[in-house]
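Asks: Just to be clear, the model below is a prediction. Sequence and coordinates:
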Amino acid sequence: MTKEKMKIGEISKPRFEFRTFGRDFSDAGYLMSRLSVPVPQKVWERTSEETYIISRTNDVNNTKIRNGKMDIKTFVQEVDGLEQWNPLMKGEFPMKSEILKNEVFPAFKVEMPDLENKEYALDEFLQMVKDHPDLLAVTVEKERFGYMINDTICEYANVWINGAMIVTVNSESTEIDDIKKTIKDLDLEGVENINYLQAAKRVVGMIDKKLVN
Amino acid sequence: MTSSTAPRYEFRIFGNNLDLYENKINEISEKKQTRQMDSVYLLTPWKRKNNVKIREGVMDIKLLEQEDAGLEQWSPFLVGKFPLNADVIKTVVFPALGIESPVFSRQKYRLDQFIAEVVSIDPDLAVAYVWKTRHAYIVNECITEIAEIVVNGASIKTICIEHEDPGKVIEAKALIGIDESTENVNYPRALKRIMGLVKLPDDWNNINF
């Protein structure tokens, strides 16, 4: 069986991912810049602003909102320390309360609030999040620099969680061995795999655990 | 409980791009010293404005006396070093936090016991672990600080100007080039914003706040 060739920006079968967070990955960032094959200009540098909805009782569904659109990914499996996430739902605001009831709040794994309206605008949804004791909306700004190493999609990114800065590096691919080789090449062997949900929870104090450095 | 210094007026900002102000401070003043320290801040989602922290094992409370001309006047009190009597925690610390005191099972608390058995289980309290590298300067006779801080692992910078005379702080702000409209943000407010306990300002995405 031939392996699928990874292409930046194109849809592939579910990918495995290694990602970690800390304050200093300058060595890994330097290695990425030197080891990468040329990548399309559109991924050299990208910025975005997103809202992550984090829940005290859920670590398996990752919910983010960008430009009024909601995207929930669900954890599928972990293999050799690498995580595989699949899309669970995509939706847009205003959002029907039926979708919030049947898909969104179940993904948070928290008590369902009263949904009296037929549909909810983004600010109304965020107010429900604010009023819920087990949910928190976290603003996340990203400045991402894209690379391609060993056929894996890589990035080095500056990330501001509610205004405080951390750094992340990642490698993702459908092929586990390619990611493992990339981790080794970037001198990141033994470094904890931390996804966005975990990093945001640690910074806002929902989990009392440190980032990598 | 003892007052450690006379109440000072304070102006403070937080952000990740304070280069303009840092350069000006370095241009008009010389760095006097650099200190590193850790602090554990106790925060509540309420609008209580006192600053309650444990620095190097000492419970330290700053009471907000008044706000005037965009400055805040803080009155510091050193409550005492851990282990602390439950009575002191009940009568001094919790009133400063503005929340109801729990029932205490011990007469005295070590810091780790206080965090694990009192703070962590209280739904109205949040903890921020803060590591600070503080660089001290003098600008217009005001104690002026540039600090790199790490909040639960994430980085941000802060600049602070303080003096007993509010006029000197206002003059120092102007010398550093800080605009009159720039918001004065104290530590608890900044930490609450980072931890999502209070809403970020509408212009949060300009990075400085």
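Replies: Now that the structure is in, tell me what you want to look at.
Asks: what lines up beside the lengthiest strand in chain A in the sheet?
Replies: Ranked by residue count under DSSP state E, the longest strand found in chain A is strand A:135-149. Next to strand A:135-149 in the sheet, as set by DSSP bridges, lie strand A:46-55 (antiparallel), strand A:152-161 (antiparallel).
Asks: in it, what's buried?
Replies: Going by neighbour count (16 or more other C-beta atoms under 10 Å in any protein chain shown), the buried part of strand A:135-149 is A:135-142, A:144-149. C-betas here are computed from N, CA, C, even on glycine.
Asks: can you check stretch A:203-213 too?
Replies: Those would be A:203-207, A:211-212, for stretch A:203-213 by 16+ other C-beta under 10 Å.
Asks: just stretch A:106-121 next, same as before
Replies: Neighbour-count burial for stretch A:106-121 [16+ other C-beta under 10 Å]: A:107-108, A:110, A:120.
Asks: Which of the residues you listed fall within helices?
Replies: A:107-108 (DSSP state H).
Asks: Also near chain B: which of the buried residues of stretch A:106-121, exactly?
Replies: When C-beta under 8 Å from any C-beta of the partner chain is applied, no member of those is adjacent to chain B.
Asks: since we're on whichever residue of chain B sits closest to chain A, how many residues are nearby?
Replies: Of all residues in chain B, B:A154 sits closest to chain A, at 3.5 Å by C-beta to the nearest C-beta. Counted with other C-beta atoms under 10 Å in any protein chain shown, the neighbours of B:A154 add up to 27.
Asks: where along chain A do the helices fall?
Replies: So, for chain A - with DSSP H - the helices run A:26-35, A:97-99, A:105-108, A:122-131, A:176-185, A:196-203.
Asks: hmm, back to that, of the buried residues of strand A:135-149, closest to chain B?
Replies: Using C-beta to the nearest C-beta as the measure, the one of the buried residues of strand A:135-149 that approaches chain B most closely is A:L136, at 4.7 Å.
Asks: in the sheet, who's paired with the closest one?
Replies: Under the criterion used (DSSP bridges), A:L136 bridges to A:I54.
Asks: My read is that it contacts B:G196, right?
Replies: Yes: the pair A:L136 / B:G196 is scored as a contact, 4.7 Å apart, by C-beta atoms under 8 Å.
Asks: between these two, what contacts are shared?
Replies: A:V204 (C-beta atoms under 8 Å, 6 or more residues apart in numbering or on different chains).
Asks: got a pLDDT number for residue 201?
Replies: In the absence of a named chain, this looks at chain A. Looking at A:K201, its pLDDT stands at 94.
Asks: my bad, the chain I had in mind was chain B
Replies: 61.
Asks: coming back round to it: which ones among the buried residues of stretch A:203-213 also lie next to chain B?
Replies: Among the buried residues of stretch A:203-213, chain B is touched by A:203-205, A:211 when using C-beta under 8 Å from any C-beta.
Asks: of all those residues, which comes closest to B:L84?
Replies: The closest of those to B:L84 turns out to be A:G205 (C-beta to C-beta; 22.2 Å).
Asks: Next to chain B, which bits of chain A? Give me the list.
Replies: A:21-23, A:49, A:130, A:133, A:136-139, A:141, A:160-166, A:202-205, A:208, A:210-211.
Asks: Now do the same contact list for the residue in chain A that chain B sits nearest to.
Replies: Taking C-beta to the nearest C-beta, chain B has its nearest neighbour within chain A at A:A164, 3.5 Å off. Contacts for A:A164 (C-beta under 8 Å, 6+ apart) come out as A:203, B:151, B:154-156, B:194.
Asks: A:K130 reaches A:V138, doesn't it?
Replies: No: in this structure, A:K130 is not within contact of A:V138 by C-beta under 8 Å, at 11.8 Å.
Asks: any idea of the pLDDT on the spatially closest residue to A:M112 that is not a sequence neighbour?
Replies: Nearest non-adjacent residue to A:M112, counting by C-beta to C-beta, 6 or more residues apart in numbering or on different chains: A:F105, 5.1 Å away. pLDDT, A:F105: 95.
Asks: In this structure A:F105 contacts A:D114, no?
Replies: No: with contact defined as C-beta under 8 Å, A:F105 does not count as touching A:D114 (11.2 Å).
Asks: Any regions of chain B where pLDDT drops low?
Replies: Along chain B, segments meeting pLDDT under 70 span B:1-5, B:46-48, B:199-209.
Asks: next one: chain A
Replies: A:1-12.
Asks: Now do the contacts for residue 126.
Replies: Defaulting to chain A. Counted by C-beta under 8 Å, 6+ apart, A:L126 has contacts A:51, A:137.
Asks: could you do chain B instead?
Replies: A:205, B:42-45, B:195, B:197.
Asks: do B:K157 as well
Replies: So B:K157 contacts B:14-16, B:18, B:22, B:146-149 (C-beta under 8 Å, 6+ apart).
Asks: Go ahead and build a PyMOL selection from the buried members of those residues.
Replies: Per 16+ other C-beta under 10 Å, the buried members of the contacts of B:K157 correspond to this PyMOL selection:
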select buried, chain B and resi 14+15+16+18+22+146+147+149
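Asks: Kindly identify which of the contacts of B:K157 also come near chain A.
Replies: Restricting the contacts of B:K157 to those near chain A by C-beta under 8 Å from any C-beta leaves B:14-16.
Asks: Show me which of these is closest to B:V118.
Replies: Closest to B:V118, out of all of these and judged by C-beta to C-beta, is B:F14, at 28.1 Å.
Asks: Can you pull out the residues in contact with whichever strand or helix holds that closest one?
Replies: Here B:F14 sits within strand B:8-15, counting by DSSP states H and E. Defining contact as C-beta under 8 Å, 6+ apart, one finds that strand B:8-15 is touched by A:163, B:21, B:68, B:70-74, B:143, B:156-166, B:169, B:173, B:178, B:182-187, B:190, B:207-209.
Asks: and what of stretch A:175-188?
Replies: A:3-4, A:6, A:16-18, A:20, A:27-28, A:31-32, A:35, A:79-80, A:82, A:149-152, A:154, A:169, A:171-173, A:189, A:191.
Asks: Give me the buried subset of those.
Replies: A:6, A:16-18, A:20, A:28, A:31-32, A:82, A:149-152, A:154, A:169, A:171-173, A:191.
Asks: ranges for the strands of chain B?
Replies: Taking DSSP E as the criterion, chain B carries its strands at B:2-3, B:8-15, B:33-43, B:51-55, B:58-68, B:71-81, B:84-85, B:108-109, B:126-139, B:142-151, B:154-163.
Asks: Out of the contacts of B:A126, give me the one that has the most neighbours.
Replies: B:L42 (27 neighbours).
Asks: So what pairs up with it in the strands?
Replies: B:V52, B:V127.
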